[in-house]
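Asker: Here is my input, please return the structure:
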Amino acid sequence: MLATTLLGACEQNSFVPPPPPKVDVATPLQRAVTRYLDATGNTAPIRSVDLVARVQGFLQSIDYQDGSFVKEGTTLFTIEPETYKLKLDQAQAAEAGAQASLKQAEFDFKRQSDLVARQAVSQATLDTSTSNRDNAQANLQQAQANTRIAEVNYGYTKVAAPFDGIVSAHLVSIGELVGVASPTQLATIVTLDPIYVNFTVNERDVLRVREEARRRGLTTAELKTLPLEVGLQTETGYPHQGKLDYAAPTVNQSTGTLAVRGILPNPDRVLLPGYFVRVRVPFEKQQNALLVPDTALGADQSGRYVLVVNGDNVVTQRKVETGQLEGELRVIESGLKADDRVVIAGLLRAIPGQKVDPQLKTIEQPPQPAK
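Answerer: This next block holds a predicted model:
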């Protein structure tokens with residue numbers, strides 16, 4: 001009787017293993033995605049010029065408001081024009097005198113030529129007349145050059161905008177002597193519409209783009225017109241659209257990167273030179289990309305991985321190569337198949353090598369990325 005009781009007690013206390021933990025699994029979402037080159041760049045003006053005084057004199061007037069937009073040819077500074085106008089008048093008068101001297105020399109040359117033909121005067125007299133005519137011609141050319149120099153210097157007394165743009169605050173004051181020893185900077189003018197965006201692309205991405213270009217039959221010129229999307233650090237998405245217009249001919253050996261430049265319209269002047277911006281360039285369309293929630297990915301010393309439940313409901317760790325982020329989903333470049341069941345929730349309960357109770361879910365279609 002005692003043995004039977006002890007045996008029954010042993011049977012009641014036998015260990016019953018717990019059921020496999022429940023985890024949410026889903027097959028990768030398949031959808032078309034556009035592959036991008038992502039980079040960080042900075043904006044720069046397409047034109048920026050320091051306005052300088054090219055003649056010496058006292059600054060007579062400042063003819064614009066600091067920070068204002070001006071059209072090409074607008075006078076911005078005036079530098080003591082009276083002195084240079086007088087020098088121009090003086091040069092023009094000297095030129096008129098040289099023209100009169102040349103006319104007189106030419107008349108004398110013709111008269112002496114006629115007299116020599118009639119043997120009324122000696123050849124030496126004609127030679128002297130010829131020399132006087134040639135000197136008069138040279139003097140006129142010198143006078144004409146002096147007049148042109150005077151005209152140029154007189155034109156420099158008015159500093160005009162070389163192109164449409166915004167002019168910085170003036171750096172000199174009215175009445176200040178400028179252009180004494182060297183050209184004096186007066187202000188700076190910049191063009192903000194359109195605007196450049198400079199960034200770099202690493203060597204691996206350069207090779208990918210060139211390979212895709214060869215596959216699609218794109219020429220180098222066509223590559224330089226690829227669309228470009230830009231976003232400020234405080235903006236959502238990439239609201240500014242432009243295109244590539246330059247790529248350096250060589251890769252920088254010290255950094256392993258290629259310098260690239262884009263150009264964007266900037267009519268509202270939202271982008272200012274010097275901003276740091278987020279840049280992306282679409283270069284490839286993939287029709288059946290595999291995407292999983294970014295939260296389903298883990299990482300260790302060997303790289304990124306996902307947890308996959310096999311046909312026996314056993315968890316395995318799968319190494320993957322990841323691509324860009326699409327909303328909350330991550331593109332999987334390699335290491336995953338379309339019918340794999342990926343653990344998307346309950347990751348702490350999914351231990352590689354152990355069984356789980358998979359609960360099949362569906363990965364939601366992500367919203368279209370903001371432009």
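Asker: for this structure, what spans make up the helices?
Answerer: Along the chain, the segments classed as helices by DSSP state H run 2-12, 81-117, 123-156, 203-216, 220-223.
Asker: Would you mind pulling up the elements that the shortest one packs against?
Answerer: When you say that, I think you mean helix 220-223. Helix 220-223 sits against helix 203-216, with contacts defined as 3 or more C-beta pairs under 8 Å, 6 or more residues apart in numbering; DSSP states H and E. C-betas here are computed from N, CA, C, even on glycine.
Asker: Enumerate the positions of the helix it packs on that are buried.
Answerer: Using 16 or more other C-beta atoms under 10 Å as the test for burial, helix 203-216 gives Asp205, Val206, Arg208, Val209, Ala213.
Asker: do the same with stretch 271-278
Answerer: Buried-residue list, stretch 271-278, by 16+ other C-beta under 10 Å: Leu271, Tyr275, Val277, Arg278.
Asker: same question, stretch 40-60
Answerer: Buried residues in stretch 40-60, counted by 16+ other C-beta under 10 Å: 41, 43-46, 51-57, 59-60.
Asker: need the helices of the chain in TSV with distance to Pro249 and mean pLDDT, can you?
Answerer: Shown next, in TSV, are these (distance: least, C-beta to C-beta, whole Å; pLDDT from 0 to 100):
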stretch	distance to Pro249	mean pLDDT
helix 2-12	83	52
helix 81-117	46	81
helix 123-156	38	82
helix 203-216	12	78
helix 220-223	10	70
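Asker: In JSON lines, list these along with distance to Lys71.
Answerer: As requested, the helices of the chain are exported to JSON lines (distance: least, C-beta to C-beta, whole Å):
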{"stretch": "helix 2-12", "distance to Lys71": "98"}
{"stretch": "helix 81-117", "distance to Lys71": "22"}
{"stretch": "helix 123-156", "distance to Lys71": "18"}
{"stretch": "helix 203-216", "distance to Lys71": "40"}
{"stretch": "helix 220-223", "distance to Lys71": "33"}
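Asker: what's the closest of these to Gly175?
Answerer: Across the helices of the chain, Gly175 has its closest neighbour in helix 81-117 (14.9 Å, C-beta to C-beta).
Asker: so what does that closest one touch, helix or strand wise?
Answerer: Judged by 3+ C-beta pairs under 8 Å, 6+ apart, the packing partners of helix 81-117 are strand 57-62, helix 123-156.
Asker: related to what we said a few turns ago, list just the nearest of the buried residues of stretch 40-60 to Ile166.
Answerer: Set against Ile166, the nearest of the buried residues of stretch 40-60 by C-beta to C-beta is Pro45 (9.4 Å).
Asker: measure that closest one to Thr225 for me?
Answerer: 21 Å (C-beta to C-beta, to the nearest Å).
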